[in-house]
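Trainee: A structural model of the following input is requested.
(chains A, B, C and D)
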There are 2 protein chains.
Amino acid sequence: MQSWIDHFPELSGLEPELRATLDRQSRVVEVPRGTVIFGPGQAPDAHLMVLEGVVRVHQVAENGREIVLYRVHSHESCVLTTACLLAYEEYSAEGIAESDVSAVAVPRTCFEEMIGRSEVFRRFVFAAYSKRLTDLFVTIEEVAFRRVDLRLAQKLLERQGEDGDILLTHQQLATELGTAREVVSRQLQEFQRRGWVAVARGRVHVADAAALEAFSRSA
Amino acid sequence: MQSWIDHFPELSGLEPELRATLDRQSRVVEVPRGTVIFGPGQAPDAHLMVLEGVVRVHQVAENGREIVLYRVHSHESCVLTTACLLAYEEYSAEGIAESDVSAVAVPRTCFEEMIGRSEVFRRFVFAAYSKRLTDLFVTIEEVAFRRVDLRLAQKLLERQGEDGDILLTHQQLATELGTAREVVSRQLQEFQRRGWVAVARGRVHVADAAALEAFSRSA
DNA sequence: TGTCTGTTGGTGACTAAGTCACCGACCCGG
DNA sequence: CCGGGTCGGTGACTTAGTCACCAACAGACA
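Mentor: Below you'll find the model as predicted:
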């Protein structure tokens, strides 16, 4: 039998009976790009596991500035929905479907049953939690200690497409790094002067990935 | 019967049978001040719940700079040990006993049994996880967007003792905020000039808490 | 008691980053 | 082809972090 569960390698060892329960009680949901999945005042009612697409989690400060905390990709579990579910806590962070997303919604009762009865499922969930914690540790270290030019170079490499293009505005890049638009503009100018990128309205083209790579590693 | 479990209000509703199991299988450990509880290359072998004392979790960058991520206080659970236990992941963060600590060590098997069988215990653990995530979100926002002088003022208020004294060096305060020692020194000078604090070697005295408070809220 | 040593904090000069105000170029709908 | 909104560029300025260095201090010890 073919099921979404097959797409999650960590769940391959799931006990047959529990696997059937999970399959029966969960359902696939489609979320259009741009939907706010959770955020201040919006608690979800099920545990979400992403099948296809990307969810971006970011923090918005009162002064309006934003920073991207992390992303949830295909075949990852969105622990923040879980945390909301189980601890009834309020978050200032917001989760947005960055592309059209298809995900599996596991109802609360089913989630709890799985956690209780399956070692495999438990390990899956806790692994997702530790990944988030580690991601956040790294983010904090980068924001606190690493120079913006190095981080920008790295981000450009991360987010370039097949053709080396990045379809983001300077403001969006600034949000990725938690810095200001002007800073990104100036750094991109410098990168362009050095021949590493070509900038156009709403787009950055990586022209010399090797040089950017070397630069981003240089400290 | 008197047990350490009584000190954890979230566990008060624990099912009697499970409570007995937990009590029987766990043991209290004493950890002297300064002990590295977990860190790169040091995975713990049990889930830790703090009875008395404080554990500081901080991140050390390659360049040697440090930042305090969060603290685990009495009657809180140290989720990072759990994450290590269940996900076998490596962390760059380090946990240190900031004072003499007494804690309860719950062995892995017992922890898993409790998670599996008790809704109350499950909720306790997940609540601890969400608290950590939220703490980290706030930390990131502060580091990325808030001025150091405001954050320093806030930190001084947080960490002053009964008598208004803070027994930390400028370097230690800098680590609390993830900034540089010189920056802290200069800000403290300015605070002293304004009559808000009195600085001495290895010590800062809060002289006008109200003014610091107003200042730290001023943006 | 004086000396030595490691720790702590002070300082100036400089670079990096963030802020503010403003402008011009571009894009799309009408 | 006009007009409003978005996007990016710029100069002047403030805030933060870095670097190199020194002086004051505390505790160990001869």
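
Trainee: Spell out which parts of chain A neighbour DNA strand C.
Mentor: For chain A, the residues in contact with DNA strand C (Cβ under 7 Å from any atom of the strand) are A:65, A:147, A:148, A:149, A:178, A:179, A:180, A:182, A:183, A:187, A:201. Every C-beta, even on glycine, is put in place using the N, C-alpha and C of the backbone.

Trainee: Nearest to residue B:51 among those residues?
Mentor: Of all those, residue B:51 sits closest to residue A:178, with 37.3 Å by Cβ to Cβ.

Trainee: immediately after the helix or strand of chain A with the lowest mean pLDDT, which helix or strand?
Mentor: One helix or strand of chain A scores below all others by mean pLDDT, DSSP states H and E: helix A:79-87, with a mean of 79. Using DSSP states H and E, the helix or strand that follows helix A:79-87 towards the C-terminus is strand A:93-97.

Trainee: continuing past that following strand, what's the next helix or strand?
Mentor: Next along from strand A:93-97, by DSSP H and E: strand A:101-107.

Trainee: Do you have the helices of chain A handy? List them.
Mentor: For chain A, helices defined by DSSP state H occupy the ranges A:16-25, A:79-87, A:108-117, A:119-145, A:148-159, A:170-177, A:181-193, A:209-217.

Trainee: Quick one: mean pLDDT for the third one?
Mentor: When the per-residue pLDDT values of helix A:108-117 are averaged, the result is 92.

Trainee: Contacts for it, please.
Mentor: If you take Cβ atoms under 8 Å, 6 or more residues apart in numbering or on different chains as the criterion, helix A:108-117 is touched by A:15, A:18, A:21-22, A:25-26, A:45-47, A:82, A:85, A:106, A:121-122, A:125, B:115-117, B:119, B:122.

Trainee: where's the spatially most central residue of chain A relative to residue A:38, distance?
Mentor: Nearest residue to the geometric centre of chain A (Cα atoms, centre = their mean): residue A:71, 0.4 Å. Using Cβ to Cβ, to the nearest Å, residue A:71 is found at 14 Å from residue A:38.

Trainee: for chain A, which spans come out with low pLDDT?
Mentor: Low-confidence segments of chain A (pLDDT under 70): A:1, A:88.

Trainee: give me every residue that touches the residue nearest to the centre of chain A.
Mentor: Contacts of residue A:71 (Cβ under 8 Å, 6+ apart): A:54, A:55, A:56, A:57, A:98.

Trainee: The first one is in contact with residue A:101, isn't it?
Mentor: It stands for residue A:54. Yes. Under the criterion of Cβ atoms under 8 Å, residue A:54 makes contact with residue A:101 at 7.2 Å.

Trainee: Could you check which of those two has the larger neighbour count?
Mentor: A direct count of neighbours by other Cβ atoms under 10 Å in any protein chain shown for residue A:54 and residue A:101 places residue A:101 higher, at 23 against 17.

Trainee: wait, that one sits on residue A:50?
Mentor: Yes. Taking contacts as Cβ under 8 Å, residue A:101 lies within contact range of residue A:50: 6.3 Å.

Trainee: Nearest spatial neighbour of residue A:211, chain-adjacent residues omitted?
Mentor: Nearest in space to residue A:211, with sequence neighbours left out and distances taken as Cβ to Cβ, 6 or more residues apart in numbering or on different chains, is residue A:196 at 5.0 Å.

Trainee: thinking again about what came up before, show me what the least confident helix or strand of chain A is in contact with.
Mentor: Residues outside helix A:79-87 that contact it (Cβ under 8 Å, 6+ apart): A:37-38, A:43-48, A:57, A:89, A:91, A:93, A:95, A:108, A:111, A:125, A:128-129, A:132, B:122-123, B:126-127, B:129-131, B:133.

Trainee: at 6 Å what do you get?
Mentor: Residues from elsewhere that reach helix A:79-87 (Cβ atoms under 6 Å, 6 or more residues apart in numbering or on different chains): A:38, A:43, A:44, A:47, A:48, A:108, A:128, A:129, A:132, B:126, B:127, B:130.

Trainee: Next, the contact list for the second one, please.
Mentor: By Cβ under 6 Å, 6+ apart, the residues touching residue A:43 are residue A:84.

Trainee: The closest residue to residue A:130 other than its chain neighbours - how many residues pack around it?
Mentor: Leaving aside its sequence neighbours, residue A:130 sits nearest to residue B:83 (Cβ to Cβ, 6+ apart; 3.6 Å). Per other Cβ under 10 Å, the neighbour tally for residue B:83 reads 24.

Trainee: Might you calculate how far stretch A:170-187 sits from the centre of the chain?
Mentor: Chain-centre distance of stretch A:170-187: 19 Å, with Cα atoms, centre = their mean, to the nearest Å.

Trainee: Give the buried residues for that stretch.
Mentor: Buried residues in stretch A:170-187, counted by 16 or more other Cβ atoms under 10 Å in any protein chain shown: A:170, A:172, A:173, A:174, A:175, A:176, A:177, A:178, A:179, A:183, A:184, A:187.

Trainee: which of the residues you listed come close to chain B?
Mentor: With Cβ under 6 Å from any Cβ of the partner chain as the criterion, the buried residues of stretch A:170-187 include residue A:178 near chain B.

Trainee: Return the member of the buried residues of stretch A:170-187 nearest to residue B:2.
Mentor: Checking the buried residues of stretch A:170-187 against residue B:2 with Cβ to Cβ, the nearest one is residue A:178 at 48.8 Å.

Trainee: got a list of what that closest one touches?
Mentor: By Cβ under 6 Å, 6+ apart, residue A:178 lies in contact with A:67, A:143, B:144.

Trainee: Likewise for residue A:10?
Mentor: By Cβ under 6 Å, 6+ apart, the neighbours of residue A:10 are residue A:124.

Trainee: How about residue A:97?
Mentor: Contacts of residue A:97 (Cβ under 6 Å, 6+ apart): A:31, A:33, A:35, A:55.

Trainee: Can you tell me what sits against stretch A:198-216?
Mentor: Residues contacting stretch A:198-216 (Cβ under 6 Å, 6+ apart): A:150, A:153-154, A:156-157, A:160, A:164-167, A:169, A:188, A:192, A:196-197.

Trainee: Select only the buried ones of those in PyMOL?
Mentor: Listed next is the PyMOL selection for buried residues among these, using 16+ other Cβ under 10 Å:
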select buried, chain A and resi 150+153+154+156+157+160+164+166+188+196+197
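
Trainee: Would you tell me which one of the contacts of stretch A:198-216 comes nearest to residue B:219?
Mentor: residue A:169 (27.1 Å).
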